[in-house]
Each structure stands twice: as C-alpha cells, then as structure tokens.
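Peer 1: Give the three-dimensional model of this entry:
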Amino acid sequence: MTAPLRWGIISTGGIATTFAEDIRLTSEGVVVAVGSRSLESANVFADKFGIEHRHGSYEDLVANPEVDIVYVATPHPMHRANVELALNAGKHVLCEKAFTMNADDARAIVALARAKGLFLMEAMWTRFLPHMVKIREIIASGELGKIVAVEADHGKFFPNDPASRLFAPELGGSALLDLGVYPVSFASMVLGKPSRMTCMVDPAFTGVDAYCSMLFHYEPGVHAVLTTTSSARTATRACISGTLARIEIDDDFYGQVGFTVITRSSERTRYDFEAVGRGLRFQTVEIAKCIAAGKTECDIMPLDETVAIMETMDEVLTYL
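Peer 2: Here you go, the predicted structure:
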C-alpha cells in the first residue's frame, strides 16, 4: 500500500463540494488543504469536511508542502491561471472541464506540465465510471461491429439569470463548455476527432451560446449527432450504433447508470452497476495509480485528446 495522495482544492463551490464528498469513499486520496479567495470561505469548507489546512489565497494553497496534487474547481476562465500557478509550484494538477476557455490555453498548460514533468489531467470523471469502462471493453471486443453512429445529448434548464455561470460571459458562460463538453468528449472517446462538422448554435439572452446542435463527420458513413442546451432538461441519453449491435445508455449517460446492448436481431443484454456517491472518486483512484507508476498523464484521458476536444469546441463556437 502506498500512502494516499494528498489533495489540495482550489475553490469551494458546488463541484468542489462533490469532489470532497466522493474522495472520502476511497483510500487512495485525502483532502488535506483547501484554498479560497477568502479565508472565511475556506474555513467553512474545511470545517465541513474536516480539512486541516485552510488558505485565504490560491497562492498559499499551492505553496503548502503537505499538498501533492491540486484539484482546480474554479470557473473555466480561471483554469489556465490556476493550473499554471499550481504547476509552477511543483504540484500535480487535476483541472475541471471544460479544461480551458479555448485550445490555445489548453496547449499552453499541457506544454508547461510536460516541461516540468508533472501530472496533469482534465477532470472528465465520466471516462472512469464502471459503465464507461465496460463500454470501451465491448467496443474493443468487436461485439458491435464497425461503429457508424454516435448520438448523445445533454440539456438542463437554467433560469435566465445574468449572474449565472451558464450565462455570464465573465464566468465563461456557455452551454457547450459547461454541458456540451460531455457529449463532445463521449464522441471523442468512441470515434476520435471529427474531420469536419456542421453545427447550428444560437445565443442566450446574454450572447453566450445556449443551444448547440452538432453533426460531426469522421469518414464516409461514420457520424456523431450531438446536442446541448441550457434552456431545457433533455433526455440526456447516448447511443453507439455498430453494424452488428448498438449500445443504449440510460438517462444521464454521463453519470452512474447502466446500459443495454441490442443486436441486429433485437437480442438484449443488460448491464447494471452499483452507484455509490456521485462517481467522481473513480478518476482519483486512477490518478493515484498513474502517479505511483511515475506517469505524468493518464491513458484513459490523455492530454492530446483533451486539446483535440478543445479544438473541436472552438470550431463549434465559430457557428455562434
């Protein structure tokens, strides 16, 4: 048994709370420090989770010698600066998705991490869930035949609040960056980066994107159809169709759910998985394995793919 990774969390918002709750379900990591823009906020968060070190600035957090790895849970526009701060302090980093505001920022922090020999990963926790692990195994086995289509959607309803992170430009407001990153990353996991695309993107009342319909082309006869919106709770389903069979994933495909494999002759095989917590812990377990093995990135969510996903989303937003 190796010692658990000692995590420091930047930010005290909703996703940081979920992360702190979930990591307590593992033995591979422990949160030892939290940093906020105010010590009061850091104290409240630390008291809730029994965290020893609390810091009133991000600079103090990354300087803490007790921290091995930093989880960046701030809004998208702050990601590059926060990641650079942690990397320059010699800390490994897990950064929330969307990874950055654009591909240029993503390339910059990937280059910095590689130059410093430090671990860096986008926190696409969905990749590490048991049902996604099994889905990759089924695809690799050839059971589906040749993959010809991927469909996925992610829509949630948010009231028209100009201060909301979904709508405020200064907070990186964007249905695509906040919600659409899930279906885009899902399609990337299955098919890779598209060769071309056709999209329809409409704005919210603040001018940021609120509705995105995406058609990705990979090779003749291979497409992905993806949608996202911040104005309606959609089905949030996903499907992978091959020449021999298809996989239909349950609602909230990006969460801890099950799926069904359906053959051309309509034979069905059901896969269900135990759901404990919110599912964020699985990525932390894999990160602990990577760092213990001396790896600076994760094969399940490699940095080059994260950059490619940001490039894809950059292109989608040109349709706005």
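
Peer 1: contacting residues for the closest residue to residue 135 other than its chain neighbours?
Peer 2: Nearest residue to residue 135, sequence neighbours excluded (C-beta to C-beta, 6 or more residues apart in numbering): residue 247, at 6.0 Å. Placement of C-beta: from N, CA and C, glycine included. If you count contacts by C-beta atoms under 8 Å, 6 or more residues apart in numbering, residue 247 has them with 135, 138, 144, 239-240, 259-262.

Peer 1: so which of these is the most crowded?
Peer 2: Top of the contacts of residue 247 by neighbour number is residue 240, holding 27 neighbours under the definition other C-beta atoms under 10 Å.

Peer 1: pretty sure it is in contact with residue 139, am I right?
Peer 2: Yes - Residue 240 lies in contact with residue 139 (C-beta atoms under 8 Å); the separation is 7.2 Å.

Peer 1: thinking again about what came up before, tell me if I am right that the residue nearest to residue 135 is in a helix.
Peer 2: No - secondary structure of residue 247 (DSSP: H, G, I helix; E, B strand; the rest coil): strand, not part of a helix.

Peer 1: quick one, helices of this structure?
Peer 2: Per DSSP state H, the chain carries helices over the ranges 14-23, 39-49, 58-63, 79-88, 103-116, 130-141, 175, 181-191, 281-292, 303-317.

Peer 1: Mind listing the shared neighbours of residue 240 and residue 139?
Peer 2: 147, 190.

Peer 1: Show the contacting residues for the residue nearest the centre of the chain.
Peer 2: Centroid-nearest residue in the chain, with C-alpha atoms, centre = their mean: residue 124, separated by 2.4 Å. Shown in contact with residue 124 (C-beta under 8 Å, 6+ apart): 97, 181, 185, 283, 301, 306.

Peer 1: returning to that earlier point: which of the contacts of residue 247 lies closest to residue 83?
Peer 2: Top of the list for closeness to residue 83, among the contacts of residue 247 and by C-beta to C-beta, is residue 135 at 29.1 Å.
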